[in-house]
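> just need the structure, nothing else, for what follows:
(2 chains)
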Amino acid sequence: MSTIQRLTGMQDVLPDDQRYWQLIVATAVSLAEQYGFQRMDVPILEATNLFVRGVGTGSDFFVQKEMYTLDEGEDSSITLRPEFTAGLVRAYIENGLSSWSPPVKLYTIGPIFRRERPQAGRLRQHSQFDVEILGETDPAADVEVMLLAMNLYRQLGYKELTFQLNSTGCPQCKPLYVTALTDFLAAHLDKLAPVDKERLQKNPLRVLDSKERGMDTLLASAPHILDYLCADCADHFAELRGLLDSLGESYTINFRLVRGIDYYTKTVFEVWDKAIGAQAALCGGGRYDGLAEAIGGPSTPGVGVGIGIERIVLGLKAQEQPAPAAPPPLALIAHFGSATKTAAVQLLFRLRATGLPAQLAFARGRRSLKSQMREADKRGVQYVVIVGESELANGLVAVRPLDGREQALVALDEIVTWLQTGY
RNA sequence: GCGGGUAUAGUGUAGUGGUCAACAUGUCUGGUUGUGGCCCAGAAGAUCGUGGGUUCAAAUCCCACUACUCGCCCCA
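Residues are numbered from 1 along each chain as shown, chains lettered A, B, ... in the order given. Purely as a prediction, here's the structure:
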């Protein structure tokens, strides 16, 4: 019989890696709370229509059929969330958070599902730390979200990251740019690869993303979106840049930065780490002032970022940053099988009740003390509490420190304070 | 969806036609009667991914499948 194994693109996070995860999540949560964000969790499953209307059928999630969608009869199609923002905005509307005094600052952490071909840094299930500010158009809100991401990376020890910034305009000005870009590309149709010709038809902005040969030189002379922004978008972008400059934050204006989700307006950005392989994007985000309306709610501006946790783990490993070690248990209780087991187990829970991290050396039958001592060494404990028959008869246990100090006989009544103080 | 690579004990590897498949590490047990780390000794653990083919003989050659992995596309 063949053994059942992990599904393609799925990952088990083993105890060693959990150390990284705990560090990342703890850092992210404390930063978010410090910045005034509140946690809100939303379901992993949502109505498919949420993503149809929110993320848009022009997105790769739909075009490349990347979503895990389950059809449950005629009226019911449900989808494993491929991103966080749509669900959070849905919950914001549904629970009436739009009546809260804006801005509403939310964060969440959880799994995201996309049916792609897995490779280094790309999984079909990955986790994101996601941050959103709803109800606010101020570019300072954009800055908050960006710096939360950047400062998270900094606190985790990252030094060299590239911060890519662009504006994608709004429904007023974006179409003008799309027309200009289309005209430009149409004039150079002979230089376009088949893939890009197809993109030109479906979603001209996508051509900017092209990695086809020769496109770099051609696109260098293509029209820039920043020249086509309407007054509002241009002001917003200028103010955003001014704020970033005033904070001494460096960033690269990348007019070819296009995001795969339809809802973005104005600000778009990504942070890249070249050390983790081909999948360099550590996080991506932007402004989505039309999303709430698109999914049937009141017009609500918003800005947010999705931060990939697995890629941070990859980055920390690439930088050879060791994961913080788990604190070892203070004491291991050794005993000699059934004769002393009851006393050993009672002692175990008495120690735990006082908050001491104690472990029991399991022993069916009479397990040698040597092997229990070896176990203690492997677990890295400071003390071995030896529950022996003769001592027990006198209400005593032996406590052996593993750092070379001498072994002591301690009364059962005093063992807690002994372990707490070390004598 | 399209390409490349890989598949041998828990883990990491060696082994390119020929006795009971090797090494490291990990695990377990011992090294005098109830005391760790180092060291020493021993043990357990692999139908060599699956199925087929070639051959007297296959982990080794061929084919298919599957899985994993890396890359393209795109993204976190």
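
> contacts, neighbours, all on C-alpha from now
OK.

> separation between the closest residue to residue A:423 other than its chain neighbours and residue A:384?
Spatial nearest neighbour of residue A:423, chain neighbours left out: residue A:417 (7.9 Å); criterion: C-alpha to C-alpha, 6 or more residues apart in numbering. Distance, residue A:417 to residue A:384, using C-alpha to C-alpha, to the nearest Å: 15 Å.

> stretch A:15-31 near RNA strand B anywhere?
No - Stretch A:15-31 does not reach RNA strand B (C-alpha under 7 Å from any atom of the strand); its nearest approach is 12.7 Å.

> give me the neighbour count for residue A:168.
When neighbours are counted by other C-alpha atoms under 10 Å, residue A:168 registers 29.

> could you do residue A:281 as well?
Neighbour count of residue A:281, defined by other C-alpha under 10 Å: 21.

> wait, it sits on residue A:270?
Yes - Residue A:281 sits in contact with residue A:270 when judged by C-alpha atoms under 8 Å, with a separation of 6.5 Å.

> any stretches of chain A with poor pLDDT?
Within chain A, the stretches with pLDDT under 70 are A:1-2.

> quick check: buried residues in the helix or strand hosting residue A:417?
Per DSSP states H and E, residue A:417 falls inside helix A:415-421. For helix A:415-421, a neighbour-count test (16 or more other C-alpha atoms under 10 Å) marks A:415, A:416, A:419 as buried.

> tell me the contacts of the first one?
If I follow you right, that is residue A:415. Residues near residue A:415 by C-alpha atoms under 8 Å, 6 or more residues apart in numbering: none.

> how far away is it from residue A:395?
For residue A:415, the distance to residue A:395 - C-alpha to C-alpha - is 11 Å.

> find the nearest non-adjacent residue to residue A:193, please.
residue A:212 (6.8 Å).

> who touches residue A:269 in this structure?
Going by C-alpha under 8 Å, 6+ apart, residue A:269 touches A:163, A:164, A:165, A:166, A:257, A:284, A:285, A:286.

> which phi and psi does it have?
When read as degrees, to the nearest 10, the backbone of residue A:269 gives phi -160, psi 160.

> what do you get for residue A:265?
Per degrees, to the nearest 10, the backbone of residue A:265 is at phi -130, psi 150.

> just checking, it touches residue A:166?
No - between residue A:265 and residue A:166 there is no contact, the gap being 10.4 Å when judged by C-alpha under 8 Å.

> sorry, back to before: just the closest of the contacts of residue A:269 to RNA strand B, please.
Of all those, RNA strand B sits closest to residue A:284, with 4.1 Å by C-alpha to the nearest atom of the strand.

> so that closest one, which of the three states?
When classified by DSSP: H, G, I helix; E, B strand; the rest coil, residue A:284 comes out as strand.

> what does residue A:400 give?
Under three-state DSSP, residue A:400 comes out as strand.

> from residue A:384, how far off is it?
5 Å.

> those two: who's more crowded?
Higher neighbour count among residue A:400 and residue A:384: residue A:384, with 26 against 20, using other C-alpha under 10 Å.

> partners of the one helix or strand that one maps to in the sheet?
Element membership for residue A:384, per DSSP H and E: strand A:383-387. Here strand A:383-387 is paired, per DSSP bridges, with strand A:331-335 (parallel), strand A:396-401 (antiparallel).

> which SSE is immediately downstream of that strand?
Assigned by DSSP H and E, the successor of strand A:383-387 is helix A:389-393.

> that next one: how far from the chain's middle?
53 Å (C-alpha atoms, centre = their mean, to the nearest Å).
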